[in-house]
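1. What would the 3D arrangement of this be:
(chains A and B)
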Amino acid sequence: MLDLEFMRLALMAGAIVGVVAPAIGFFLVQRRLTLIGDGIGHVAFAGVAAGYLIGISPVATALVFSVVGATALEWLRYRQRAAGDQALALVFYVGIAAGIVMISSAGALNANLFVFLFGSILTVSHHDLVVVAALGFVNLAVVALLYRGLIAVAVDEEGARVSGLPVGLLNVTLAALAGVTIAISMRIVGILLIAGLMVLPVIAASRVAWSVRSAIAISMGLGLTSALAGLVVSYYADLAPGGSIVLVAAGMFVLVSLAPGLPGVLGRRA
Amino acid sequence: MPLAVELESVDFAYGDAPVLEDVDLAIDEGEFVAIAGPNGGGKTTLLRLILGLERAAAGRVLLFGEPPARFSRRFELGYLAQRAQAAIDAPISVRELVSAGRLPRTRVLRRWRSTDDRAVDQAIERVGLAGQANRPLRALSGGQQQRAFIAKALASEPRLLALDEPTTGVDVDSQEAFGSLLEELHRDLGVTILYVSHEFGAIEHVAQRLVLVRGAIVFDGLPSELPDLWHDPGHVHA
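-> Here you go, the predicted model:
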């Protein structure tokens, strides 16, 4: 398997996505914005469609659409005081509708689209890997830089606002990071399933973690394992990788939940 | 004594529904004030107006002499929101929670220093959780969790501590211990305390002043001067 270049590229890109997605997803889960990844994923779909329509890289347009969509979502949620689920519904349906209209106009309702919807191990190029690595590194660097601020907002947004922290800026930055994560993950996991890789490892890790640091570290480990195991399964079983990656992540959640005494043992650490 | 809080002829409404009318209130720096009243009476709204989370429809609100929305030293405000308990579900240690409270003093992008670690340790020690600092918040009892949140609010060395229904869901013994802790903090640190609750039994004997809110301020004085009638829940909640 490792003799094949496409597989090496897919595994390297998958490893990066597996680590980055839960690191961003952690803060979304703590802020009760678990489904935001789905909403942004649908905007990314519109971005892919726009790429086909105007004849430029769908990844680049998806990146722009994801970041703008995520920022708009945060703006709707706060400035317009729309309830979180209403803002999400608006972005969700506008994204998918715009995507279908544009992709129909471009005459691109074909198999290529499935690569973006469900991921593919065959389509990661050297150029893609460089982009995924660079943007993944930037995402992790921004999280490291804003780590304490993101935690402060995640655990008590109103308290952070009262005490003068730049809550709006931190929220928009997190939304933009989620947008970038989705854009760089769609080749491997697919637009429809990337949210699963952002959320499931975090939910599993949260059951056994004893601190924020441990939760992020464990969720990154679970995300990495899910991505690599899912890609290997996908290769041998000839499946779209998005489904197998997310199912492995779901399996890990089940294992963690069922492991007797595990949450209690780790919860008593320190 | 300089004023920490000043409200003059303040009105506030949610849409067409008036919540507070013609509120006048002056709180000296260093006072321990309990703000009580029935649910829906406007006590939390009053606190939110003071902190700049809501804007008055009419009248004037000042926080340490400045309009709250433009208050320039927000790191001097320690706030425990009614719903901050959401953090209890998060995988967070006591030290991480309290460190989050220190951040307004250090700023988001500034380097974390050893003095910040010391301030966090001191806040944890002050609430009696030194032995629990590295434990997960969710592994603590309700009373200990409340102490952890107080430590978070103390970590930025505030001049004003605003607590909104801080003992909700906490057993009676822990509520009394919590009242004693606040008395100690007030005495040792001289911090202004605004304590909002629909029940004020836990701090009745430690608060210096009681403000009763029911659409307007209907009582403002020493807790001991509160007419017996108001101790009757049936009257307060009427």
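
2. only C-alpha atoms for contact and neighbour calcs from this point on.
-> Fine.

3. near chain B, anything from stretch A:61-80?
-> No. Stretch A:61-80 stays clear of chain B (Cα under 8 Å from any Cα of the partner chain), getting no nearer than 13.1 Å.

4. how about that stretch: buried residues?
-> A:61-77 (16 or more other Cα atoms under 10 Å in any protein chain shown).

5. ok, and what's touching that stretch?
-> A:40-41, A:43-48, A:50-51, A:82-84, A:87-88, A:91, A:171-173, A:175-180, A:182-184 (Cα atoms under 8 Å, 6 or more residues apart in numbering or on different chains).

6. so how far is it off the chain centroid?
-> A distance of 15 Å separates the centroid of the chain from that of stretch A:61-80, by Cα atoms, centre = their mean, to the nearest Å.

7. Convert it to PDB, retaining C-alpha atoms only.
-> What follows is stretch A:61-80, C-alpha atoms only, in PDB (Å, rounded to 0.1, in the frame of the first residue of the first chain):
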ATOM      1  CA  THR A  61     -13.200  28.900  -3.900                       C
ATOM      2  CA  ALA A  62     -14.400  26.500  -1.200                       C
ATOM      3  CA  LEU A  63     -11.800  28.000   1.100                       C
ATOM      4  CA  VAL A  64     -13.000  31.500   0.400                       C
ATOM      5  CA  PHE A  65     -16.700  30.500   0.800                       C
ATOM      6  CA  SER A  66     -16.000  28.500   4.000                       C
ATOM      7  CA  VAL A  67     -14.200  31.300   5.700                       C
ATOM      8  CA  VAL A  68     -16.800  34.000   4.600                       C
ATOM      9  CA  GLY A  69     -19.700  31.600   5.500                       C
ATOM     10  CA  ALA A  70     -18.300  30.900   8.900                       C
ATOM     11  CA  THR A  71     -17.700  34.500   9.600                       C
ATOM     12  CA  ALA A  72     -21.200  35.400   8.400                       C
ATOM     13  CA  LEU A  73     -22.600  32.700  10.700                       C
ATOM     14  CA  GLU A  74     -20.900  34.200  13.700                       C
ATOM     15  CA  TRP A  75     -22.100  37.600  12.700                       C
ATOM     16  CA  LEU A  76     -25.700  36.500  12.300                       C
ATOM     17  CA  ARG A  77     -25.500  34.700  15.600                       C
ATOM     18  CA  TYR A  78     -24.300  37.700  17.600                       C
ATOM     19  CA  ARG A  79     -25.000  41.000  15.800                       C
ATOM     20  CA  GLN A  80     -28.400  40.100  14.600                       C
END
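
8. Residue of chain A closest to chain B, please.
-> residue A:211 (4.1 Å; Cα to the nearest Cα).

9. and that residue, how many neighbours?
-> When neighbours are counted by other Cα atoms under 10 Å in any protein chain shown, residue A:211 registers 25.

10. Quick check: nearest residue in space to the residue in chain B that chain A sits nearest to, chain neighbours excluded?
-> Here chain B gets closest to chain A at one residue, residue B:92, 4.1 Å apart by Cα to the nearest Cα. If the residues on either side of it in the chain are set aside, residue B:92 comes closest to residue A:211, at 4.1 Å by Cα to Cα, 6 or more residues apart in numbering or on different chains.

11. quick one: contacts for the one you found?
-> Here residue A:211 is in contact with B:91, B:92, B:93, B:96, B:135, B:136 (Cα under 8 Å, 6+ apart).

12. what separates residue B:149 from residue B:4, distance-wise?
-> Distance, residue B:149 to residue B:4, using Cα to Cα, to the nearest Å: 22 Å.

13. If you could redo that for residue A:4, that was the one I meant.
-> Taken as Cα to Cα, the span from residue A:4 to residue B:4 is 70 Å.

14. could you point out where the stretch 51-200 of chain A is predicted with low confidence?
-> A:79-84, A:111 (pLDDT under 70).

15. Drop anything exposed from the contacts of stretch A:61-80.
-> Among the contacts of stretch A:61-80, those classed as buried by 16+ other Cα under 10 Å are A:40-41, A:43-48, A:50-51, A:84, A:87-88, A:91, A:171-173, A:175-180, A:182-184.

16. For the residue of chain A closest to chain B, give me phi and psi.
-> phi -160, psi 170 (degrees, to the nearest 10).

17. cool, residue B:163 as well?
-> phi -120, psi 120.

18. which residues sit in contact with it?
-> Counting by Cα under 8 Å, 6+ apart, residue B:163 touches B:79, B:80, B:81, B:82, B:193, B:194, B:195, B:196.

19. Flag the shaky bits of chain B, pLDDT-wise.
-> B:1, B:83-87, B:227-238.

20. which residue packs closest to residue B:32, ignoring adjacent ones?
-> The nearest residue in space to residue B:32 (Cα to Cα, 6+ apart) is residue B:193, at 4.6 Å.

21. Could you report the neighbour count for the one you found?
-> 25.

22. That one - that's part of a helix, no?
-> No. Going by DSSP: H, G, I helix; E, B strand; the rest coil, the assignment for residue B:193 is strand, not a helix.

23. For residue B:69, see how far away it is.
-> Per Cα to Cα, residue B:193 is found 20 Å from residue B:69.

24. How about the residues of chain A by chain B?
-> A:30, A:145-146, A:148-149, A:151-152, A:154-156, A:158-160, A:162-165, A:206-207, A:209-212, A:215, A:267-270.

25. And the helices in the chain, which stretches?
-> No chain specified, so I'll use chain A. Counting by DSSP state H, chain A has these helices, from start to end: A:5-30, A:36-54, A:58-78, A:84-105, A:111-118, A:126-155, A:157-162, A:167-185, A:194-208, A:212-237, A:241-258, A:262-267.

26. hm, I was asking about chain B
-> B:43-51, B:94-106, B:114-126, B:142-154, B:172-189, B:228-231, B:233-236.

27. Just send these back as CSV, with mean neighbour count too.
-> Listed next are the helices of chain B as CSV, based on neighbours: other Cα atoms under 10 Å in any protein chain shown:
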stretch, mean neighbour count
helix B:43-51, 23
helix B:94-106, 26
helix B:114-126, 18
helix B:142-154, 25
helix B:172-189, 17
helix B:228-231, 11
helix B:233-236, 13
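
28. Take the ones you listed and lay them out in JSON lines including distance to residue A:252.
-> Shown next, in JSON lines, are those (distance: least, Cα to Cα, whole Å):
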{"stretch": "helix B:43-51", "distance to residue A:252": "43"}
{"stretch": "helix B:94-106", "distance to residue A:252": "26"}
{"stretch": "helix B:114-126", "distance to residue A:252": "35"}
{"stretch": "helix B:142-154", "distance to residue A:252": "30"}
{"stretch": "helix B:172-189", "distance to residue A:252": "39"}
{"stretch": "helix B:228-231", "distance to residue A:252": "54"}
{"stretch": "helix B:233-236", "distance to residue A:252": "51"}
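
29. could you redo the ones you listed as JSON lines and give each row distance to chain A?
-> Listed next are the helices of chain B as JSON lines, based on distance: least, Cα to the nearest Cα, whole Å:
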{"stretch": "helix B:43-51", "distance to chain A": "7"}
{"stretch": "helix B:94-106", "distance to chain A": "5"}
{"stretch": "helix B:114-126", "distance to chain A": "13"}
{"stretch": "helix B:142-154", "distance to chain A": "9"}
{"stretch": "helix B:172-189", "distance to chain A": "19"}
{"stretch": "helix B:228-231", "distance to chain A": "31"}
{"stretch": "helix B:233-236", "distance to chain A": "28"}
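
30. Highest neighbour count among the contacts of residue B:163?
-> Neighbour-wise, the contacts of residue B:163 (other Cα under 10 Å) top out at residue B:79, 28 neighbours.
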